[in-house]
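S.K.: starting from these lines, generate the structure:
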Amino acid sequence: MSKSENQKLKLLYLQSILEKRSDEDFPLSTQELISLLGQEGISAERKSVYDDIRALQDFGVDVTTVTKGKSNAYYIGERIFQLPELKLLADAVASSRFITDKKSRQLIEKISSLTSEHKAAALRRQLNIERRVKMMNETIYYSVDKIQAAIAEDKNIRHRHIMWEMDKDHPNTCKKSYRHDGKFYRISPWTLIWSDENYYLLAYDCESKEIKNFRVDKMSDIQILDEPRQGKELYERQNVGEYMQKLFGMFGGEDANVHLRFSNDLIGVVVDHFGKDIPVQNDGVSHFTIWVQAKVSPLFFGWLFGMGNKVRILSPSWAAEKMKETLQAVQAEY
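M.R.: Prediction:
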């Protein structure tokens, strides 16, 4: 780009310099701005910089003026994201299991570009991605992209379901395989949900004619089919929030309305798991009870077992009996 062409972009370069190089701790003087513009092949004088600053302010850019030495200095004040907000976003990326180490670093670099280079450096230093459990490949991003495209186009998809098993030919190792000998599942995708550190797809199973959830990282060889989605009426009858509360972390069992009794000191655990709007009822001075819709399964029992003798299944009786059987089976192993 020639010098004259650069000159036409002077206002854009000035805004970019202020966004990248300045903040309340590092305002840039008029002379510093002139020097930085010069590095881009753009000549500037004090008066033209003043005029350009006013133009940016008139346009709505929050360029704040302060005194630096004997002259004015400038920095970007209000930004789209403030540093605490960027820290929240970056830490969410760093801690997410389904985002690979490589992709986490790329996303955090992009998030860091939304603030000044000085604060970006501090943001990167405060984050630690090492030693976090992360997925090992990035196929999930392509899977999400295909699923989003299918939803936008109102199309069905098909996929194979990944599972892991011990490798009989190589002792002490596991290998990837596919459920039902690699059979393709034909489904109508409706919505993507991020829950319990995983991405799930809520979809209509065209074979069983039911709404089911699929973990996206377990979906392989996704293909968009040239056929319209099905199960819209069934999906619209779902309350996604209630479905998530009932299902995630406790799937794979029989549906039941379960009556549970907890020690009062576990109210925080219950609220964290089911939300603050879960109805509770006092049961004496030291306990409370709740009713929840749950999938009664070993995973559900495992969650309850983590609270020891401070929780009890009051009903249904068959769920309490299954809990006993599960505990007896575990005890038999020791």
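S.K.: residue 177: how many residues sit nearby?
M.R.: Residues lying near residue 177 (other Cβ atoms under 10 Å) number 13. The C-beta positions use only the backbone N, C-alpha and C, and glycine is treated the same way.
S.K.: let's have the chain start at 147 instead
M.R.: Got it, the first residue is 147 from now on, which makes the last one we talked about residue 323.
S.K.: next SSE downstream of the host helix or strand of it?
M.R.: Here residue 323, judged by DSSP states H and E, is contained in strand 320-324. From strand 320-324 onward toward the C-terminus, using DSSP H and E, the following helix or strand is strand 330-341.
S.K.: can you list the strands that that following strand pairs with?
M.R.: In the sheet, strand 330-341 lines up against strand 301-312 (antiparallel), strand 344-351 (antiparallel) (DSSP bridges).
S.K.: in the chain, which spans are helices?
M.R.: Along the chain, counting by DSSP state H, helices occupy 149-154, 156-167, 176-185, 192-205, 229-241, 247-258, 263-271, 285-299, 378-382, 386-393, 413-420, 444-451, 463-477.
S.K.: what packs against the strand holding residue 323?
M.R.: Applying 3 or more Cβ pairs under 8 Å, 6 or more residues apart in numbering; DSSP states H and E, one finds that strand 320-324 contacts strand 301-312.
S.K.: so what sits opposite the nearest residue to residue 461 once chain neighbours are set aside in the bridge?
M.R.: Among residues not flanking residue 461 along the chain, residue 405 sits closest, at 4.4 Å (Cβ to Cβ, 6 or more residues apart in numbering). Legend: beta-bridge partners of residue 405 under DSSP bridges are residue 437, residue 461.
S.K.: which residues touch residue 405?
M.R.: 435, 436, 437, 459, 460, 461, 462 (Cβ atoms under 8 Å, 6 or more residues apart in numbering).
S.K.: next, work out how far apart the nearest residue to the last one once chain neighbours are set aside and residue 333 are.
M.R.: What it means is residue 462. Spatial nearest neighbour of residue 462, excluding adjacent residues (Cβ to Cβ, 6+ apart): residue 402 at 5.9 Å. In this view, residue 402 and residue 333 are 26 Å apart by Cβ to Cβ, to the nearest Å.
S.K.: repeat that for residue 310.
M.R.: Distance from residue 310 to residue 333, counting by Cβ to Cβ: 22 Å.
S.K.: can you check residue 233 too?
M.R.: Counting by Cβ to Cβ, the gap from residue 233 to residue 333 is 38 Å.
S.K.: just want to know which of those two has more residues nearby.
M.R.: residue 333 (29 against 18).
S.K.: quick check: chain neighbours aside, which residue is closest to that one?
M.R.: That would be residue 349: by Cβ to Cβ, 6+ apart, it lies 4.2 Å from residue 333.
S.K.: a markdown table for the strands paired with strand 330-341, including distance to residue 410?
M.R.: A markdown table is the format used below for the strands paired with strand 330-341 (distance: least, Cβ to Cβ, whole Å):
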| stretch | distance to residue 410 |
| --- | --- |
| strand 301-312 | 41 |
| strand 344-351 | 32 |
